[in-house]
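Student: model this:
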Amino acid sequence: MFNNEDGKALDASMSTGLPPGTYCDIISGNVDSSGRACTGKSLVVDDDGKAHVHIAANEAEGVLAVHVEVNIFTQTQSSLTNCGWSV
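Tutor: Coordinates of the predicted model:
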């Protein structure tokens with residue numbers, strides 16, 4: 001999870017500990033019905049486990065939350081449903 005807790009913009013490359021892929025932010029959206037796109041914000045993790053995180057100072061949520069089960073390129077619909085997400 002990343003946030004801009006002081007009301008300042010967050011704009012940085014960070015190590016995530018996640019495998020490479022594109023992850024859906026579970027605060028602003030979910031995986032769409034095709035299972036290949038996010039309905040809200042997304043986070044792209046590179047081969048080194050790093051991602052560029054940008055959260056504007058004036059964003060309503062001010063937070064980005066992702067986890068390994070909501071990776072739109074490697075998860076199937078059944079595995080997303082089994083972890084509590086419906087697509």
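Student: relative to Asp47, how far out is Ala65?
Tutor: When distance is defined by C-beta to C-beta, to the nearest Å, Ala65 is 23 Å away from Asp47. Using the backbone N, CA and C atoms, a C-beta is placed for each residue, glycine as well.
Student: tell me which of the two has more neighbours.
Tutor: Using other C-beta atoms under 10 Å as the criterion, Ala65 and Asp47 rank with Ala65 on top: 17 against 7.
Student: was I right about that one contacting Ile26?
Tutor: Yes: with contact defined as C-beta atoms under 8 Å, Ala65 counts as touching Ile26 (5.1 Å).
Student: ok, what's across the strand from Val63?
Tutor: Beta-bridge partners for Val63, by DSSP bridges, are Asn3.
Student: in terms of pLDDT, where does it sit?
Tutor: For Val63, the pLDDT comes out at 81.
Student: next: Met14.
Tutor: 91.
Student: which helix or which strand is home to it?
Tutor: Using DSSP states H and E, Met14 sits in strand 10-15.
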